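K.L.:
what would the 3D arrangement of this be:
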Amino acid sequence: MTAAVALTVAGSDPSGGAGVQADLKTFSALGVYGTAVLTALTAQNTRGVTGVHAVPAPFVGEQLRTLLADVTVHATKLGMLGTAEVVREVAAVLADRPAGPVVCDPVMVATSGDRLISADAVDAVRSALLPVTDLLTPNVPEAAALLDVAPATTVDELAPQATALLALGPAAVLLKGGHLGGAESTDVLVTAAGVVEVRRPRVPTTATHGTGCTLSSAVAALVARTRLAAPGQAPDWAPLVEGARDHLQAALTEGEALGIGAGHGPVHHFAGWWPA
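P.N.:
Next up, the predicted model:
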């Protein structure tokens with residue numbers, strides 16, 4: 001193969017800022033061929049979510065198995081899975097048919113505050129999905145939900161919570177601290193090798209729709225490229241996360257210039273490729 005291939009397993013966002021649409025744009029912007037399996041249809045725009053229609057778990061599994069029977073996938077990004085049945089189905093397929101390193105963004109709440117995952121699905125993520133996850137990328141509220149603790153309120157609390165998440169089964173955890181505020185946005189990467197802080201100046205913008213999707217899919221795209229070049233090499237997450245944060249920083253900086261919607265507008269997934 002001459003093209004790196006990444007797979008997104010996530011829901012659809014009609015506004016194009018998050019979900020499968022954001023993932024495919026990010027894959028393309030980073031030079032990776034994108035494939036997609038849909039887990040849900042949403043009715044949403046930049047101001048909120050008005051409805052979610054879940055794809056039945058058996059059909060999600062059929063999409064995955066059919067794709068993986070034909071296409072070599074170098075990395076997989078998991079986004080909004082929605083129901084416990086879908087979570088377990090996806091985990092079962094990936095355990096049986098590996099599709100490269102798995103980057104799991106445990107989407108639970110939209111930027112608008114709308115809940116996107118059922119309560120029993122959180123338990124399924126803990127028990128079934130985290131053991132097949134190579135990099136978990138929760139934000140502060142998602143980490144708290146997975147650990148059943150109060151959300152972190154300071155940067156100092158991020159590393160202990162990320163370490164606790166690591167004990168649940170993923171090979172690495174990137175706990176995103178964007179919800180904490182401050183002049184800098186600090187994420188914490190925890191692996192078996194230790195703790196690394198990733199800092200960027202906070203971008204003053206209202207165009208934050210799809211930030212989590214974009215970061216996780218950027219990591220997946222970059223790891224897909226490394227897997228194509230060195231198939232047997234284990235991911236070195238620190239430089240991959242730095243590269244993904246660089247991409248997100250540019251996307252946030254140029255997002256407002258797009259002028260999309262009246263709420264939290266999308267980041268500019270093709271920042272640097274075409275001007276807003």
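K.L.:
which stretches of the stretch 151-276 of the chain form helices?
P.N.:
With helices called from DSSP state H, counting those that start in this stretch, the stretch 151-276 of the chain shows them at 158-166, 211-229, 237-255.
K.L.:
which positions within the second one qualify as buried?
P.N.:
In terms of neighbour count (16 or more other C-beta atoms under 10 Å), helix 211-229 has its buried residues at 211-228. In this view, the C-beta of every residue, glycine as well, is placed from N, C-alpha and C.
K.L.:
relative to helix 237-255, how tilted is it?
P.N.:
Counting by axes from the mean of the first three to the mean of the last three C-alpha atoms, to 10 degrees, helix 211-229 lies at 130 degrees to helix 237-255.
K.L.:
dump helix 211-229 to CSV, keeping only the CA atoms.
P.N.:
As requested, the backbone C-alpha atoms of helix 211-229 are provided in CSV (Å, rounded to 0.1, in the frame of the first residue of the first chain):
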residue,chain,number,x,y,z
THR,A,211,-12.2,20.2,19.2
GLY,A,212,-12.1,16.8,20.8
CYS,A,213,-13.0,15.0,17.6
THR,A,214,-10.3,16.9,15.7
LEU,A,215,-7.5,16.2,18.3
SER,A,216,-8.2,12.5,18.5
SER,A,217,-8.6,12.1,14.8
ALA,A,218,-5.3,14.0,14.2
VAL,A,219,-3.5,11.6,16.6
ALA,A,220,-5.1,8.7,14.7
ALA,A,221,-4.0,10.1,11.3
LEU,A,222,-0.4,10.7,12.5
VAL,A,223,-0.1,7.2,14.0
ALA,A,224,-1.6,5.7,10.8
ARG,A,225,1.3,7.4,8.9
THR,A,226,3.9,5.9,11.2
ARG,A,227,2.3,2.5,11.0
LEU,A,228,2.5,2.5,7.2
ALA,A,229,6.2,3.4,7.4
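K.L.:
can you spell out which helices and strands pack onto that helix?
P.N.:
strand 5-12, helix 19-29, strand 75-78, strand 102-104, strand 173-176, helix 237-255 (3 or more C-beta pairs under 8 Å, 6 or more residues apart in numbering; DSSP states H and E).
K.L.:
and the angle from that helix to strand 5-12?
P.N.:
160 degrees.
K.L.:
so for helix 211-229, what's the average pLDDT?
P.N.:
Averaged across helix 211-229, pLDDT comes to 96.
K.L.:
low-confidence ranges, the stretch 1-150 of the chain, go.
P.N.:
1, 109-116 (pLDDT under 70).
K.L.:
generate CSV for the helices and strands packed on helix 211-229, with mean neighbour count as supplementary columns.
P.N.:
Shown next, in CSV, are those (neighbours: other C-beta atoms under 10 Å):
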stretch, mean neighbour count
strand 5-12, 27
helix 19-29, 25
strand 75-78, 30
strand 102-104, 29
strand 173-176, 28
helix 237-255, 21
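K.L.:
list the buried ones in stretch 166-174?
P.N.:
Going by 16+ other C-beta under 10 Å, stretch 166-174 has these buried residues: 166, 168, 170-174.
K.L.:
max pairwise distance over these: which two?
P.N.:
Spatial extent of the buried residues of stretch 166-174 (C-beta to C-beta) is set by the pair 168 and 174 at 14.3 Å.
K.L.:
closest one of the buried residues of stretch 166-174 to residue 139?
P.N.:
residue 174 (10.0 Å).
K.L.:
surely residue 80 is within a strand?
P.N.:
No: looking at residue 80 with DSSP: H, G, I helix; E, B strand; the rest coil, it is coil, so not inside a strand.
K.L.:
can you give me phi and psi for it?
P.N.:
The phi/psi pair for residue 80 (degrees, to the nearest 10) reads phi -70, psi 120.
K.L.:
would you confirm that it contacts residue 11?
P.N.:
Yes: with contact defined as C-beta atoms under 8 Å, residue 80 counts as touching residue 11 (3.9 Å).
K.L.:
what segments of the stretch 1-150 of the chain are strands?
P.N.:
Per DSSP state E, counting those that start in this stretch, the stretch 1-150 of the chain carries strands over the ranges 5-12, 33-45, 48-54, 75-78, 102-104, 135-136.
K.L.:
residue 241: which of these is closest?
P.N.:
strand 135-136 (8.3 Å).
K.L.:
which helices and strands does that closest one pack with?
P.N.:
strand 102-104, strand 173-176.
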